[in-house]
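Asker: Got a predicted model here, sequence first, then my questions.
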Amino acid sequence: MYKLKDVAEILGVSDRTVERYLKSYFSMEKGAYQVSEKMLEVLKSEYLESESNTVVEEFTKEEYQEFHKRLSEYPV
């Protein structure tokens, strides 16, 4: 997580500009969030696509070495 000041520094803008950027994504009305279309698209791309049926598994170092060895021995 980043502090507002850090985000402003990274983007090369003022703290106030970052506040305006954030307000363009959501607001509070009567204690309830109002989410912009832009924010909804960000949320959908972040959470809907990551919950797909795709399974990603990592190789251990030993598994990778074995995989690399087999690729070298039996090129496609």
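Answerer: Ah, there it is. Predicted, not measured: the structure shown is a model, and the values here were computed from it.
Asker: And for the one helix or strand in the chain whose mean pLDDT sits lowest, what's in contact with it?
Answerer: Least confident helix or strand, the chain: strand 26-29 with a mean of 86, by mean pLDDT, DSSP states H and E. Taking contacts as C-beta atoms under 8 Å, 6 or more residues apart in numbering, the residues outside strand 26-29 that touch it are Y33, Q34, V35, S36, M39. Every C-beta, even on glycine, is put in place using the N, C-alpha and C of the backbone.
Asker: What of stretch 7-17?
Answerer: Taking C-beta under 8 Å, 6+ apart as the rule, stretch 7-17 contacts Y2, L4, K5, V18.
Asker: Kindly recompute the last result at 6 Å.
Answerer: For stretch 7-17, the surrounding residues in contact (C-beta atoms under 6 Å, 6 or more residues apart in numbering) are L4, K5, V18.
Asker: what residue is smack in the middle of the protein?
Answerer: Centroid-nearest residue in the chain, with C-alpha atoms, centre = their mean: E46, separated by 5.8 Å.
Asker: which residues of this protein fall in helices?
Answerer: Counting by DSSP state H, the segments of the chain that form helices are 4-11, 15-23, 37-43, 61-73.
Asker: Adding distance to E29, write these out as CSV.
Answerer: Listed next are the helices of the chain as CSV, based on distance: least, C-beta to C-beta, whole Å:
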stretch, distance to E29
helix 4-11, 22
helix 15-23, 12
helix 37-43, 14
helix 61-73, 52
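Asker: Let's have those helices in TSV, adding mean pLDDT and mean neighbour count.
Answerer: TSV is the format used below for those (pLDDT from 0 to 100; neighbours: other C-beta atoms under 10 Å):
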stretch	mean pLDDT	mean neighbour count
helix 4-11	94	13
helix 15-23	92	13
helix 37-43	90	12
helix 61-73	88	10
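Asker: How much space separates Y2 from L22?
Answerer: Noted for Y2: a distance of 12 Å to L22, by C-beta to C-beta, to the nearest Å.
Asker: Over to L71?
Answerer: In this view, L71 and L22 are 47 Å apart by C-beta to C-beta.
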